[in-house]
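*Asks:* I would like the atomic coordinates for the input below:
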Amino acid sequence: MTKINETGIIDTTIAAGSPQWQETSLALSPLVLLSALEDPNNGLLIFDLQLRVMHATSQIWSMLDVNFEEPITSPEILQLLSRSALDAASVATAKDVILAFLAGGGKADGVLLRNKDGSRGLRMRLRSLGPEYFAASFESVLPDVAPGPPASASEDRDWLTGLATRACFENALQQALNRVPQTPVSVLLLDLDRFKAVNDTLGHAAGDRLLRLLSDRLKSLTRKSNLVARFGGDEFAILIDPSPTREVPIGIAKRILDLAQRTYLIDGQLANVGTSIGIAQSPGDGADGQTLVRNADLALYQAKETGRGAYLFFDPSMERRALDRRTSELELRKALALRQLEVHYQPQVNTVTGRLVGFEALLRWRHPERGLLMPGSFLPIAEEVGVIVPIGEWVLRTACREALKWPENIVIAVNASPLQFDTGKFTETVRHALQITGLPGERLEIEITEGILLRNSDMIMKTLHDLRAMKVRIAMDDFGTGYASLSQLAQFPFDTIKIDRSLTGFEGDDVKQRSVVRAITALGQSLGVCTLAEGVETAEQLARLQMDGCDSLQGYLFGKAVPPSELDDVISRLCSPEGTTMVKAED
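*Replies:* Sure, this is the predicted structure:
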C-alpha cells in the first residue's frame, strides 16, 4: 500500500498487502508491534496521527475483504474501511469512533460491526501505542453476536450504576415506536460537564461514586414508565414514554440541570459538575430509534457549544452543521496527511540591538483550491472538531526539527492549544518532540493563551512546572486581551509575557495604552520575566516601545512569517553585527 522512506515521504508505489509493504512495516518499533499482537487470530491495523496505516497483519485483508481492484492512493485507515465488505452503517460507525478516539474521547472497546450480507460480525477495539501510533484490532464474532438486541438479562444492566445499558435502551425505544396506536416519545441525552476534572483531581474511584450517586438521583426524577440508561462514561439517556407534548421533557430537563449543578460531597471532597442535554421527540424528530438517538446527540452537541448547563431540542439545521463539521474535520485530517499544512516562521528581535533572538512558528494551509490560508480561517474549526491536537503535535515536531538548523542561541516559540493541555499528555508530547529531534529544552518556548488560566489551575500548574523541569520556556501569549490580571502573572512560572498588538499597535500617544504597557514591563522586570511586544509595524511604535522598556519585539517591521526556504536570508540579515536598523529612543 504505502512505504515511508527514511525522509518520511510517502511512496505510494507499493501495493497494499504485498511482501514489500509488510517488510516496510517492520521498521516500526518491535515493542510497538508486540504490544498490540495479543491474539494472533485477530486482524490488526496500526496507524498514526494522520490516519496513515503503518502496519497490517495478514489476517486483516480477509477479515475486511478489502477491494484492491482499483489502486489505493491514500494510505488512510478510513479509505481501507470504505473499500471493505462492511455495510455502510458499520463503516460510518467505525469512522466516527476512530475520529472521536483520536480527538481524545469516544468509545474504544468492543465496537460491533457487520458485513454487507450479514454473514459475519467484527468487534473493533482501539488502543493507544504511545503519542504517535494507534492500533485497531478486529475480532470475528458469530452472526448472532453481531449488533442487535441484548442476548441475556445480564446485558440489560450497566455494571457500575445498575441503569439500563445502551442496547437495552435502544431495544425499549424501538418497541415503544412500534406500538399501535403510536404515541409520541422523547429521548433525552446528557453528559456531564467537568467530569474529567473530578477524575483527574479526586481519582477514578471518586468519579465512579459520583456516577452512581447521580444515577440514583436521575431515577428518582422520572416516572416508572420512563427508562434511564447509561450509554458509557459520563453519558446518560432517558426515554420518556409517553411524551405527548414538549412540556414533559422540558420539565425533566430543568430538574436534571438543577440536580447536576449542585455541589456533591465525595469521600470528604467537594465535586462540582454540570450537564448539557439534547432532546429529540417522535415522530417529528425521527420515526425510528436510531434516528431519534442520533438527533438527540446532535442537539446535545449544540447545547454544549452554545453554553454548558443548557438543554436544546433537535432542529433540522443541526444536521447541516454536523455535516459541515465532519467535512471540515476530514478535510483538515487529509491536509495533515497529504502535507498541505506548512509551518512559517516570524522573527523576534532584541529591542536594543535589533539582533535576532527567536522565531515564532505560525501555521499555514496551502489549500489546493483556495491558496495559502491563514490560521484564523481554519484553526477555530480544528479546535471545534478536535483535530487541533494532532495538528499541534505535528507543528511542535516540525518546528523543533527546523530549529536545529539555526544558531544555538535562537529560540523557537510554538503555540499550544488549551485542548492539548486538556489531554493530560502535553508534557509527554513535548518530551517526545525534544527526544526525536534532539533540540535542547532551553531552545523551545511554549506559548499559552490567557484562557488557559481559567481552566483547571492545579493541572495547568503541574504541566507548566513539568515543562520548566525540562528547561522549556513558557510564554504568556496575547496578554491584555481581557482574561488574566497582572497579579496572576506572578502566580505562574512564565519566562516571557507577550503584549498583545491591541496595546502596542496604535499610532500617536494613547496615554492609557502606554500606561498599561509600562505597568506590564515594570512587572516583568520585577519578576525577572522578559516582555515581548507583538504587532510592531512602524518606526514610531518601535521608538515608543524602546522607551517603555520592552525587551523584545515582533512584527512586520522586522519581517513577516516566511517558509523555511527563506530563513537563511532572515537569519543572515538579523544576526549580522549591525542587526536591523533601529530607532534610538530619545530620553
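*Asks:* pull the longest helix from the chain.
*Replies:* The residue-count maximum for a helix in the chain (DSSP state H) belongs to helix 317-337.
*Asks:* got the buried residues for the very next helix or strand once past that one?
*Replies:* Going down the chain from helix 317-337, the next helix or strand is strand 341-350, by DSSP states H and E. Of all the residues in strand 341-350, those buried under the rule 16 or more other CB atoms under 10 Å are 341, 343-350. Every C-beta, even on glycine, is put in place using the N, C-alpha and C of the backbone.
*Asks:* With distance to residue 242 added, can I get the residues you listed in a markdown table?
*Replies:* Listed next are these as a markdown table, based on distance: CB to CB, whole Å:
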| residue | distance to residue 242 |
| --- | --- |
| 341 | 52 |
| 343 | 57 |
| 344 | 60 |
| 345 | 63 |
| 346 | 62 |
| 347 | 67 |
| 348 | 65 |
| 349 | 70 |
| 350 | 73 |
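*Asks:* ok, those residues vs residue 432, which is closest?
*Replies:* residue 343 (17.6 Å; CB to CB).
*Asks:* my guess is that closest one contacts residue 360, does it?
*Replies:* No. Using CB atoms under 8 Å, residue 343 is not in contact with residue 360; the gap is 10.2 Å.
*Asks:* on that earlier part again, so what touches the longest helix of the chain?
*Replies:* 49-52, 74-76, 78, 99, 295, 298-299, 301-302, 340-341, 365, 367, 378, 381-382, 384-387, 390-391, 394 (CB atoms under 8 Å, 6 or more residues apart in numbering).
*Asks:* and that helix, what's its mean pLDDT?
*Replies:* For helix 317-337, mean pLDDT rounds to 79.
*Asks:* what do you get for stretch 260-270?
*Replies:* 76.
*Asks:* Now tell me what touches that stretch from outside.
*Replies:* 190, 192-193, 198, 202, 205-206, 209-210, 213-214, 271-275, 309.
*Asks:* And that stretch, end to end?
*Replies:* 13 Å (CA to CA, to the nearest Å).
*Asks:* who touches stretch 214-223?
*Replies:* Contacts of stretch 214-223 (CB under 8 Å, 6+ apart): 161-163, 192, 228, 230, 236, 238, 240, 252, 255-256, 259-260.
*Asks:* For it, list the C-alpha coordinates in CSV.
*Replies:* Extracted as CSV, the C-alpha positions of stretch 214-223 are listed here (Å, rounded to 0.1, in the frame of the first residue of the first chain):
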residue,chain,number,x,y,z
LEU,A,214,-26.2,10.8,40.0
SER,A,215,-27.7,7.7,38.6
ASP,A,216,-29.8,7.1,41.7
ARG,A,217,-31.0,10.7,41.5
LEU,A,218,-31.8,10.5,37.8
LYS,A,219,-34.1,7.6,38.5
SER,A,220,-35.8,9.5,41.3
LEU,A,221,-36.7,12.3,38.8
THR,A,222,-38.6,10.2,36.4
ARG,A,223,-41.7,8.1,36.3
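*Asks:* pLDDT of it, averaged?
*Replies:* Stretch 214-223 comes out at a mean pLDDT of 84.
*Asks:* How about stretch 521-534?
*Replies:* For stretch 521-534, mean pLDDT rounds to 91.
*Asks:* Next: stretch 275-289.
*Replies:* For stretch 275-289, the per-residue pLDDT averages 91.
*Asks:* Need the CA coordinates for it. CSV is fine.
*Replies:* Presented in CSV, the C-alpha positions along stretch 275-289 are these (Å, rounded to 0.1, in the frame of the first residue of the first chain):
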residue,chain,number,x,y,z
THR,A,275,-24.7,18.9,32.4
SER,A,276,-25.9,19.6,29.0
ILE,A,277,-29.0,18.0,27.5
GLY,A,278,-30.1,17.2,23.9
ILE,A,279,-33.8,16.3,23.3
ALA,A,280,-35.5,14.6,20.3
GLN,A,281,-39.2,13.8,20.1
SER,A,282,-41.1,11.4,17.8
PRO,A,283,-42.4,11.5,15.2
GLY,A,284,-41.2,14.9,14.1
ASP,A,285,-37.5,14.3,15.0
GLY,A,286,-37.4,10.7,13.8
ALA,A,287,-39.6,7.7,13.3
ASP,A,288,-37.1,5.1,14.3
GLY,A,289,-34.9,4.7,17.4
